[in-house]
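A.B. asks: the following block contains a protein sequence and its predicted model.
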Amino acid sequence: MAFGIVACSSDDSDGENNITNNFDRNKMLTNWADNLIIPSYQNFASKTNSLQTANTTFVNETNLENLTNLRAAWQDAYIAWQKVEMYDIGPARDVVLRSFVNTYPTNAENVNLLIESQNYNLADPNLNDEQGFPALDYLLFGIAESDTELVELYDNDANGDKYRQYLTDVVTRINSLGAQVLDDWQNAYRDVFVQNSGSSANSSTNRMANVFMEYYEVRFRNGKIGFPAGVYSGGDPQPNRVEAFYNKELSKSLALEALEAHKNFFNGNEFNENTSAESFANYLDFLDVIKNGDSLSSLINNQYEESITSINALDNSFYNQINTNNNGMLEVFESLQDNVVFLKSDMFSALSIALEFDSGDGD
C-alpha cells in the first residue's frame, strides 16, 4: 500500500502542472456558476422577498399570527442563506455580504440603543453585529419574555414605531444586499468568473478553492462548532455563541444545511437536483489522486458523511447540547477537522492551488 498522496495519469511525462491544466476548468466554472451559485442566490432572493413581505404584514397588523408567519419566513431565509454563505467571492465580497448578513452573536445591547436613538446607518461596517439574521433572531425571539409581550412591544409600547422601523430596516437590508449580489452574478460577473479559467493565483478556480476552504474551516468548523464548544477558549464552553441563539431550536438545522451545501459544491451537485457535473471531486478523480490506497475524493466524501452523522446525533439546539453534553460538539469538531486535512492539505496540493488565507489556529 502506498502512503501519502499520489497523482497518476495515463501520460504524466509533461509533469503535474500540465496534467492539472488538462482538466477543463472552464466546464467546472460554468457548472459552479450556472448550476450551483446563481440558483442558490435565486433561492435566497426568493426567500428574502418572502421575508420582507411577511415583515410588512407584521408591522401593518401586529399580532401573534403574523409574528408566527414572520418567524417562519425568517427561518426559511436563514436556511437559504446557508447555501450561499460560502460564495464569498466577487459581488458578495464587494458588498461585504457575509459580515453584514450573518455576524453572530448579535450585540443585543447596541441593537436596543440604536432602536432608542433611531440614529444609525446599517451600511456602516461597524454595525455588522447589529443587523442581519442574528439581529432578527434577537428582534423576533429574544427582545421580550413571551410572545404576547413581544407583540405588545411592537404594537402598543410607546416606542413601538421605533421597534417596527428597526425591524423593517434590518429585513430590507438583507433583501436588498442579496438582490444586488444576484443581479451582479446574472449580469457581468458570471462571464468574468467563467472566463477566468486559468491556473494562476488570481484564477477563479484558485480563488473559489480558497473561499470554499476558508468557509469550511473558519466560518463552519470554528464558528458553528468550535467557538461555542470552547475549543478556542481553554475548554470553557460559550453557548451564547451558537448560531440562532435566541431561537434555541434552529442551530442544528442551519449546520446541516451548510455542510450539505459544502459537500454538494465539492461534488458539483446541481442546486436541488440529483445530477452532478465538473467539480473538485472529479478534478481529483481526473488526476487519479490516491491517498493510502483510496481515492482522495472518496475519503473526503466519507468524511463529510461521518460529520453529517455526528451532527445529526446532536440536540436540535446546540445551546442545549453544550449545556448537557458538550462532548458531542467536540466530537463533531474533530470529525470536521479530519476533512480539513483532506481538503486543505491534500486537495490543494494535488490541484497545485496556493493557500491564500490564514485560519489563525495553526491548522
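C.D. replies: Ah, there it is.
A.B. asks: for stretch 71-82, the averaged confidence score.
C.D. replies: The predicted model gives stretch 71-82 an average pLDDT of 99.
A.B. asks: swap in stretch 342-349?
C.D. replies: Taken as a whole, stretch 342-349 has an average pLDDT of 96.
A.B. asks: buried stuff in that stretch?
C.D. replies: Within stretch 342-349, the residues scored as buried using 16 or more other Cβ atoms under 10 Å are 342, 343, 344, 346, 347, 348, 349. Any C-beta I mention is one placed from the backbone N, CA and C, and that applies to glycine too.
A.B. asks: the last one: which element?
C.D. replies: To tie it back to what came earlier, the one meant is residue 349. In this structure, residue 349 is located in helix 348-350 according to DSSP states H and E.
A.B. asks: and that helix, what does it pack against?
C.D. replies: Where contact means 3 or more Cβ pairs under 8 Å, 6 or more residues apart in numbering; DSSP states H and E, helix 348-350 is packed against strand 5-7.
A.B. asks: lowest-confidence helix or strand of the chain?
C.D. replies: Using mean pLDDT, DSSP states H and E, the weakest-scoring helix or strand in the chain turns out to be helix 16-22, at a mean of 54.
A.B. asks: in the helix or strand just after that helix, what counts as buried?
C.D. replies: As assigned by DSSP H and E, the chain's next helix or strand after helix 16-22 is helix 25-31. By neighbour count on 16+ other Cβ under 10 Å, the buried set for helix 25-31 is 25, 26, 28, 29, 30, 31.
A.B. asks: would you turn the residues you listed into TSV with pLDDT and distance to residue 144?
C.D. replies: Converted to TSV, those look like this (pLDDT from 0 to 100; distance: Cβ to Cβ, whole Å):
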residue	pLDDT	distance to residue 144
25	95	52
26	95	53
28	97	49
29	98	48
30	97	49
31	96	46
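A.B. asks: adding distance to residue 168, write those out as a markdown table.
C.D. replies: Shown next, in a markdown table, are the buried residues of helix 25-31 (distance: Cβ to Cβ, whole Å):
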| residue | distance to residue 168 |
| --- | --- |
| 25 | 44 |
| 26 | 43 |
| 28 | 41 |
| 29 | 38 |
| 30 | 39 |
| 31 | 38 |
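A.B. asks: how about the contacts made by the residue most central in space within the chain?
C.D. replies: Centroid check for the chain by Cα atoms, centre = their mean gives residue 85 as the closest residue, at 3.4 Å. Residues in contact with residue 85 (Cβ atoms under 8 Å, 6 or more residues apart in numbering) are 98, 101, 102, 215, 219, 258.
A.B. asks: for residue 1, give me the pLDDT.
C.D. replies: Confidence at residue 1, expressed as pLDDT, is 31.
A.B. asks: same check, this time on residue 271
C.D. replies: pLDDT for residue 271: 86.
A.B. asks: cool, and residue 11?
C.D. replies: For residue 11, the model assigns a pLDDT of 40.
A.B. asks: just the ones of the contacts of residue 85 in strands?
C.D. replies: Using DSSP state E, no member of those falls in strands.
A.B. asks: for residue 144, report the pLDDT, please.
C.D. replies: Confidence score, pLDDT, at residue 144: 97.
A.B. asks: what sits closest to it if chain neighbours are left out?
C.D. replies: residue 150 (3.9 Å; Cβ to Cβ, 6 or more residues apart in numbering).
A.B. asks: which strands and helices lie in contact with the longest helix along the chain?
C.D. replies: Longest helix in the chain by number of residues, with DSSP state H as the criterion: helix 160-184. On a contact count with 3+ Cβ pairs under 8 Å, 6+ apart, helix 160-184 meets helix 38-60, helix 91-94, helix 97-101, helix 108-117, helix 132-137, helix 147-155.
A.B. asks: most tightly surrounded among the ones you listed?
C.D. replies: helix 132-137 (a mean of 26; mean count of other Cβ atoms under 10 Å).
A.B. asks: for that one, what does the pLDDT average out to?
C.D. replies: 99.
A.B. asks: what's it in contact with?
C.D. replies: 74, 77-78, 81, 100-106, 111, 129, 167, 170-171, 174, 243-247.
A.B. asks: check the burial of residue 317 by counting its neighbours.
C.D. replies: Counted with other Cβ atoms under 10 Å, the neighbours of residue 317 add up to 20.
A.B. asks: tell me how far it lies from residue 82.
C.D. replies: Noted for residue 317: a distance of 17 Å to residue 82, by Cβ to Cβ, to the nearest Å.
A.B. asks: rewinding a little: show me what contacts the residue nearest to residue 144?
C.D. replies: Counting by Cβ under 8 Å, 6+ apart, residue 150 touches 67, 140, 143, 144.
A.B. asks: residue 353 is nearest to which of the helices and strands packed on helix 160-184?
C.D. replies: Distance to residue 353, taken as Cβ to Cβ, is lowest for helix 91-94 among the helices and strands packed on helix 160-184, at 18.2 Å.
A.B. asks: from the contact counts, what lies against that closest one?
C.D. replies: Helix 91-94 packs on helix 160-184, going by 3+ Cβ pairs under 8 Å, 6+ apart.
A.B. asks: surely residue 186 touches residue 38?
C.D. replies: Yes: here residue 186 reaches residue 38: they are 6.3 Å apart, a contact under Cβ atoms under 8 Å.
A.B. asks: not counting sequence-adjacent ones, nearest residue to residue 96?
C.D. replies: Closest residue to residue 96 apart from its sequence neighbours, by Cβ to Cβ, 6+ apart: residue 125 at 6.5 Å.
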